[in-house]
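[1] give me coordinates for this.
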Amino acid sequence: MTEGKTVELKREYTENIKKTVIAFANTDGGTVYIGIEDDGTIVGIEDADDTILRMGNAIRDAIRPDITLFTECSIELIEEKKVVKVLVQQGTARPYYIGKKGLRAEGVYVRQGASTVPATESTILKMIKETSGDCYETARSLEQNLTFEETTKCFQKRAISFEELQKTTLQLIGKDGTYTNLGLLLSEECTHTIKLAVFQGSKKTVFKERREFTGSVISQVEKVYEYLDKYNQTKAEFYGLERIDSKDYPEEALREALLNAVVHRDYSFSGSILINIFDDRVEFVTIGGLVKGMTLDDIMLGLSILRNQNLANIFYRLNLIEAYGTGIPKIMNAYEGLLVKPTLMVTDNAFKIILPNKNTNVICDQIESNIGHIRETNEYKLNKEEQKILSIFNTKTFIVRKDVEDILEVSQATAVVILREMRRKGLIERIGNGKKIRYGRL
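    Numbers count the residues shown, from 1 in each chain. As a prediction, the model looks like this:
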């Protein structure tokens, strides 16, 4: 009898045997013989029953997830000497690890030839993916020492229980008794953050302030919204004796854009959610494009396929979101009656929501309905043609002269004159030259 990938020989029982058991369960299974020298010499075990008891206790108490169903300890008589045989099958909840060490190299072991070695992080992640599937939420968290003080307070504030039973029901704890990635997201140990930057003016040239928010994603949402509210200034205007107060951004739009970024982002990527505050807009950039099969038109109609179903369910239980698929329509409705509209931009790996500051160089139809006239500035007043042209930016990032000709039903020369006047007023900017000229919204 010799050692190999599926055979381990031990002269006597030691605490390190559990590492070999973990390695067999994480690889192709195997057998540990206690009472046999490395060279195959049979020495036997004097108290085989005690060795089986100690071995069983170690397997049950020290290894996570529970691996007892995949192991079997027995006594064999070889050359008239008692040998303890520990049969280990490949487990279905890999990776297995030493409970005190966690899902890291010093706690997870695999078999390489006749040796038991620590697993690399890539090997650990591969095993998690193989046993948990591609769903990030339900996969086991690499970090198992999690705390939930902030999330517990949030649940208690809403009179909702948050004990072990609820954590299991909400799928923070998986069927194998270990914390899932959803548990990680709601813990203080969450590795995903929200980065917020405040810029001077309308370009990314001068930073005024930078912040990074950590901890439970629920706590991040509360702290970030409080911070955004600080920059959502109220502008007051007087018309005769009547005072009209108007915040820079509709509160519901800010709230829904933030929740959309947190609930729908792809947490399998390690980057942060980015929020950029400019004088004239706020941008929310979320990692992860649309779920496969969805289009931007689907989103505008209120259709929703959740990437993080369980996280959305928790936000729903906490009354942070009202119903699935209503976020984007709420954002658009918050700007109803205004000439400026939110912009949505999508790539394969990112989703951006741009909320315009409705108090920056714009004319509010809301004031018209309240006061009975449109506010005029010393610089300009939008005419109907300009309003129609600006409405094109609700669905397009850039426009060309032909768009103006079509929407206004005017000639090429007239379209050129109108675009030139809008540039003079600072409503649009020209990009490119010659046949490649296009116009962007300022």
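
[2] pull out the buried residues from stretch 410-428.
    Using 16 or more other CB atoms under 10 Å as the test for burial, stretch 410-428 gives 415, 418, 419, 422, 427, 428. For every residue, glycine as well, the C-beta is placed using N, CA and C.

[3] what's the answer for stretch 285-296, then?
    Buried residues in stretch 285-296 (16+ other CB under 10 Å): 285, 286, 287, 288, 290.

[4] surely the third one touches residue 350?
    Yes. Contact between residue 287 and residue 350 holds when scored by CB atoms under 8 Å: they sit 6.4 Å apart.

[5] so who does the residue lying closest to residue 65 once chain neighbours are set aside touch?
    Leaving out its chain neighbours, the residue that sits closest to residue 65 by CB to CB, 6 or more residues apart in numbering is residue 176, at 3.5 Å. Going by CB atoms under 8 Å, 6 or more residues apart in numbering, residue 176 touches 65, 66, 93, 140.

[6] the same query, at a cut-off of 10 Å, please.
    By CB atoms under 10 Å, 6 or more residues apart in numbering, residue 176 lies in contact with 64, 65, 66, 67, 91, 92, 93, 96, 131, 132, 140.

[7] narrow those to those that are buried.
    64, 65, 67, 91, 93, 96, 131, 132, 140.

[8] just flag the most distant two among those.
    67 and 132 (16.6 Å; CB to CB).

[9] looks to me like the residue nearest to residue 65 is in a strand.
    No. Residue 176 is assigned coil when assessed by DSSP: H, G, I helix; E, B strand; the rest coil, not a strand.

[10] in TSV: the contacts of residue 176, plus pLDDT.
    Listed next are the contacts of residue 176 as TSV, based on pLDDT from 0 to 100:
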residue	pLDDT
64	89
65	89
66	90
67	92
91	90
92	84
93	85
96	93
131	77
132	68
140	87
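
[11] return the subset of those lying in strands.
    residue 64 (DSSP state E).

[12] any idea which of the contacts of residue 176 is closest to residue 79?
    residue 67 (30.2 Å).

[13] that closest one and residue 98 touch, don't they?
    No. Judged on CB atoms under 10 Å, residue 67 makes no contact with residue 98 at a distance of 11.3 Å.

[14] list residues touching both of the two?
    Residues touching both residue 67 and residue 98 (CB under 10 Å, 6+ apart) are 18, 22.

[15] just the strands in the stretch 201-350 of the chain please.
    Secondary structure of the stretch 201-350 of the chain (DSSP state E, counting those that start in this stretch): strands located at 207-213, 234-239, 242-247, 273-277, 281-287, 343-346, 350-356.

[16] now the strands for the stretch 1-150 of the chain?
    Using DSSP E, counting those that start in this stretch, strands in the stretch 1-150 of the chain cover 7-10, 30-34, 63-64, 71-78, 81-88, 97-98, 109-112, 115-118.

[17] make TSV out of these and add distance to residue 228.
    What follows is these, written out as TSV (distance: least, CB to CB, whole Å):
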stretch	distance to residue 228
strand 7-10	58
strand 30-34	56
strand 63-64	40
strand 71-78	53
strand 81-88	54
strand 97-98	40
strand 109-112	46
strand 115-118	44
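
[18] to residue 193, which of the ones you listed lies closest?
    strand 97-98 (26.2 Å).

[19] partners of the closest one, with directions?
    strand 63-64 (antiparallel) (DSSP bridges).

[20] who touches residue 6 in this structure?
    The neighbourhood of residue 6, defined by CB under 10 Å, 6+ apart, consists of 24, 27, 28, 29, 30, 31, 88, 111, 114.

[21] then residue 17?
    Counted by CB under 10 Å, 6+ apart, residue 17 has contacts 8, 10, 32, 34, 51, 54, 55, 58, 59, 84, 86, 116.

[22] hmm, back to that, just give me the closest of the buried residues of stretch 285-296 to residue 257.
    Nearest to residue 257, judged by CB to CB, of the buried residues of stretch 285-296 is residue 286 at 9.5 Å.

[23] my guess is the closest one contacts residue 327. True?
    No. Using CB under 10 Å, residue 286 is not in contact with residue 327, being 11.7 Å away.

[24] what's the overlap in contacts for the two?
    Common neighbours of residue 286 and residue 327 (CB under 10 Å, 6+ apart) are 257, 260, 261, 263, 264, 353.

[25] quick check: the gap between the last one and residue 330.
    According to CB to CB, to the nearest Å, residue 353 stands 12 Å off from residue 330.

[26] overlap in contacts of these two?
    Taking CB under 10 Å, 6+ apart as the contact rule, residue 353 and residue 330 both touch 253, 256, 257, 260.

[27] and residue 430, what are its bridge partners?
    Here residue 430, judged by DSSP bridges, has bridge partners residue 439.

[28] you'd agree residue 100 is up against residue 15?
    No. In this structure, residue 100 is not within contact of residue 15 by CB under 10 Å, at 11.6 Å.

[29] list residues touching both of these two?
    Joint contacts of residue 100 and residue 15 (CB under 10 Å, 6+ apart) are residue 62.

[30] okay, now residue 212: neighbour count?
    Burial of residue 212 is recorded as 11 neighbouring residues (other CB atoms under 10 Å).

[31] wait, it sits on residue 192?
    No. In terms of CB under 10 Å, residue 212 does not count as a neighbour of residue 192; the distance is 11.1 Å.

[32] quick revisit: for the buried residues of stretch 410-428, which one is nearest residue 106?
    residue 428 (59.5 Å).

[33] do you know how far that closest one is from residue 390?
    From residue 428 to residue 390 the distance is 8 Å (CB to CB).

[34] overlap of the contact sets of the two?
    Listed as contacting both residue 428 and residue 390 by CB under 10 Å, 6+ apart are 399, 422, 441.

[35] residue 322: which of the buried residues of stretch 285-296 is nearest?
    Of the buried residues of stretch 285-296, the one sitting nearest to residue 322 (CB to CB) turns out to be residue 286, at 19.8 Å.

[36] spatially, what comes nearest to residue 255 if we skip its sequence neighbours?
    Using CB to CB, 6+ apart, the closest residue to residue 255 is residue 225 (6.4 Å).

[37] also residue 112?
    Closest to residue 112 by CB to CB, 6+ apart is residue 5, at 7.9 Å.

[38] try residue 121
    residue 105 (6.9 Å).

[39] how many neighbours does residue 171 have?
    Around residue 171 there are 19 residues (other CB under 10 Å).

[40] residue 200: which of the strands of the stretch 201-350 of the chain is closest?
    Each of those has some distance to residue 200 by CB to CB; the shortest is strand 207-213, at 5.3 Å.

[41] which other helices and strands does the closest one contact?
    Contacts defined by 3 or more CB pairs under 10 Å, 6 or more residues apart in numbering; DSSP states H and E place strand 207-213 against strand 194-199, helix 217-231, strand 273-277.

[42] report the rounded mean pLDDT for the shortest one.
    It refers to strand 273-277. Here strand 273-277 scores 96 as its mean pLDDT.
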